[in-house]
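Undergrad: Build the 3D model from these lines:
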Amino acid sequence: MGFLILILLGIVAGIFPDTVATQTAEAQARKASANQTATIIALTPSNTPTPSNTPTATSTPSVTATETITPTPSDTPIPTDTSEPTETRYIDAPQGSVNLRSGPGTNFDTIGELDHRASIEVTGRSDDREWYRIEYEAAPNDIAWVFADLTSATRPSARPTSNATSAPNPTAPPAAPCSCTGPDLDCSDFSTHNAAQACYDYCVDRGFGNVHNLDGDDNDGRACERLP
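TA: Model prediction:
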């Protein structure tokens, strides 16, 4: 107890240093130095750039879509008329009627006939321009062909007749279509098949037979079949 009292007196008298006060003062000095260093660090600018985590937006060019309109072709074809305009003509065969064929040529079948001066409606021509295509209701497809040279653009005159003032001779025989005794005839002497057929039939009926050989070699009873 007495020792403690001596120490306290020594401290008061300044003989023994105050350890607590000394430690306190040193702590305060270190604290002040630390604060000063922190301040200096805070005031010193940083030379290292701070990387930015935010991506820079890149502007995207604007694209304007242009619509191309392609015209749609029409599914309906434009009609073209290759046939000739309809023309009215007339049969011109004073010696008799004219055969109508199923095609433009004498090698086609005969499908009918028309008399002299008959009216026809021409709807076309053959490639060689020698045959007319006509409307004919009796044909399977309403179409027939007639030889162009046996037609006329105007109505031809009627067949010649005897004088009306003269008295008819009831005993006079009709005019013969040809002579069966000569001169010799062939298909070139007739303009139509019907005229040649009339001569052939006339001579056969009178017992002369195929005297002019108008039936050819097939002996089918049809004379000059290649004529229109």
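
Undergrad: List the contacts of Arg226.
TA: 106-107, 187, 193 (CB atoms under 8 Å, 6 or more residues apart in numbering). To be clear about C-beta, it is placed using only N, CA and C from the backbone, and glycine gets the same treatment.

Undergrad: helix/strand/coil for it?
TA: Secondary structure, DSSP: H, G, I helix; E, B strand; the rest coil: Arg226 is coil.

Undergrad: I'd like the distance between it and Ala139.
TA: To Ala139, Arg226 is 20 Å away according to CB to CB, to the nearest Å.

Undergrad: So of the contacts of Arg226, which two are at opposite extremes in space?
TA: Farthest pair in the contacts of Arg226 (CB to CB) is Asn107 and Cys187. Separation: 14.7 Å.

Undergrad: can you map out the strands along the chain?
TA: Under the criterion DSSP state E, the chain contains strands at 87-91, 98-101, 110-114, 119-125, 131-135, 143-147, 151-152.

Undergrad: What count of nearby residues applies to Cys224?
TA: 24 (other CB atoms under 10 Å).

Undergrad: Check what pLDDT it gets.
TA: Predicted confidence (pLDDT) for Cys224: 86.

Undergrad: That one touches Asn194, doesn't it?
TA: No. Using CB atoms under 8 Å, Cys224 is not in contact with Asn194, being 9.4 Å away.

Undergrad: Would you mind measuring from the residue lying closest to Gly103 once chain neighbours are set aside to Ile120?
TA: Leaving aside its chain neighbours, Gly103 sits nearest to Trp145 (5.9 Å; criterion: CB to CB, 6 or more residues apart in numbering). Relative to Ile120, Trp145 is positioned 11 Å away (CB to CB).

Undergrad: Can you flag the buried ones in the contacts of Arg226?
TA: In the contacts of Arg226, burial by neighbour count holds for 106, 187, 193, counting by 16 or more other CB atoms under 10 Å.

Undergrad: who are the neighbours in contact with the closest residue to the second one other than its chain neighbours?
TA: By that I understand Cys187. In this structure, Cys187 finds its nearest non-sequential neighbour in Cys224, 3.8 Å apart by CB to CB, 6+ apart. Going by CB under 8 Å, 6+ apart, Cys224 touches 187, 190, 193, 196-197, 214.

Undergrad: With Arg125 instead?
TA: 84, 131-133, 148.

Undergrad: Show me the two of the contacts of Cys224 that sit farthest apart.
TA: Cys187 and Gln197, at 10.7 Å, using CB to CB across the contacts of Cys224.

Undergrad: Per-residue pLDDT of Gly216, please?
TA: pLDDT at Gly216 comes out at 75.

Undergrad: which residues are in contact with both of Cys187 and Gln197?
TA: Each of 214, 223-224 lies in contact with both Cys187 and Gln197 under the rule CB under 8 Å, 6+ apart.

Undergrad: which residues do Trp145 and Ile120 both contact?
TA: The contact lists of Trp145 and Ile120 share 132, 134, where a contact means CB under 8 Å, 6+ apart.

Undergrad: Settle it for me: which of the two has more neighbours?
TA: Counted by other CB under 10 Å, Trp145 and Ile120 do not tie: Trp145 has more neighbours, with 25 against 20.

Undergrad: looking at it, the more buried one is touching Glu135, isn't it?
TA: No. Using CB under 8 Å, Trp145 is not in contact with Glu135; the gap is 11.4 Å.

Undergrad: Kindly give a single PyMOL line that selects the buried subset of the contacts of Arg125.
TA: The buried residues among the contacts of Arg125 can be selected in PyMOL (16+ other CB under 10 Å) with this line:
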select buried, resi 131+132+133+148
